[in-house]
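Trainee: For reference, the sequence and a predicted model appear below.
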Amino acid sequence: MPVLQSHVENKLKENLNPIFLKVEDFSDGCGFKYNVFVVSKEFEGKSLLQRQRLVNEILREEMSEIHALTQKCLIPEQWEKMVAENPDISKENQVQKPNDSTKKCEFHQH
């Protein structure tokens, strides 16, 4: 059963109180593959691996259905530096709209 993009977004918002959150379904709307870009104070003092494990733990129940999850997990200081180097990044939509759900998934039948 696919995981809704809005569900992933809501769980991350509730648990991480992000400064910036961008969730993108890259499985043509199937809900099986996601890119997550999240900036949160909750990551401060944690290594990259610990940050990613935290996201995985938050999405633990959903991970049995998600086939691929790429993560970019930053602390606010890293985010500020990234925005200073590329101001357009902060102007992007923070939460992406789901892809057209009428598309067929490459690996799944609907």
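Mentor: Thanks, I have it.
Trainee: make it CA atoms for all contacts and neighbour counts henceforth
Mentor: Fine.
Trainee: center of the chain - which residue?
Mentor: Nearest to the geometric centre of the chain sits residue 36, at 2.0 Å (Cα atoms, centre = their mean).
Trainee: What residues are recorded as beta-bridge partners of that residue?
Mentor: Counting by DSSP bridges, residue 36 is bridged to residue 23, residue 71.
Trainee: That one touches residue 20, doesn't it?
Mentor: No: the pair residue 36 and residue 20 does not pass the contact test of Cα atoms under 8 Å, sitting 10.5 Å apart.
Trainee: so what pLDDT did the residue nearest to the centre of the chain get?
Mentor: Looking at residue 36, its pLDDT reads 97.
Trainee: Would you agree residue 66 is in contact with residue 35?
Mentor: No: taking contacts as Cα under 8 Å, residue 66 lies outside contact range of residue 35: 11.1 Å.
Trainee: Quick one: end-to-end length of stretch 56-64, please.
Mentor: 11 Å (Cα to Cα, to the nearest Å).
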